[in-house]
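K.L.:
next come a sequence and a model predicted from it.
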Amino acid sequence: MKSVSLKLPDHLHAKLEEACQRRRAAKSDVMRDALEAYLEQPKGAGISCAELAGDLVGSLAGPADLATNPVHLRGYGQ
């Protein structure tokens, strides 16, 4: 097995310590499991911007066709 070293910010190191205590596992085991889980995720499996902003859609007043109607874009950028 190969050895790798890395530097962690304090907040991430604290989370690692907590995970080790919860699982009663060594840091190497927790980090190896986390890295394997991350690398096995399909590309683009994260949350999209549309999903993150989903609860905001329709929450403001204004024309529904603001981004597509040229009338609303007159003078934009001038």
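P.N.:
That came through fine.
K.L.:
if I look at Ala50, how far off is His11?
P.N.:
29 Å (CB to CB, to the nearest Å). The C-beta positions use only the backbone N, C-alpha and C, and glycine is treated the same way.
K.L.:
my bad, Arg74
P.N.:
Taken as CB to CB, the span from Arg74 to His11 is 48 Å.
K.L.:
next: Asp33.
P.N.:
Asp33 is 20 Å from His11, by CB to CB.
K.L.:
more neighbours, those two?
P.N.:
Per other CB atoms under 10 Å, whichever of Asp33 and His11 has more neighbours is Asp33, with 13 against 8.
K.L.:
average pLDDT for the helix or strand where that one lies?
P.N.:
Using DSSP states H and E, Asp33 sits in helix 27-40. Mean pLDDT, computed over helix 27-40, is 94.
K.L.:
run through who's touching that helix.
P.N.:
Leu16, Ala19, Cys20, Arg23 (CB atoms under 8 Å, 6 or more residues apart in numbering).
K.L.:
from the chain's centroid, how far away is that helix?
P.N.:
17 Å (CA atoms, centre = their mean, to the nearest Å).
K.L.:
quick one, helices of the chain?
P.N.:
Along the chain, counting by DSSP state H, helices occupy 10-23, 27-40, 49-52, 70-73.
K.L.:
quick one, which of those is nearest to Ala61?
P.N.:
Ala61 lies closest, by CB to CB, to one member of these: helix 70-73, at 14.0 Å.
K.L.:
which other helices and strands contact the closest one?
P.N.:
Helices and strands touching helix 70-73, as assessed by 3 or more CB pairs under 8 Å, 6 or more residues apart in numbering; DSSP states H and E, are absent.
K.L.:
lovely, talk soon.
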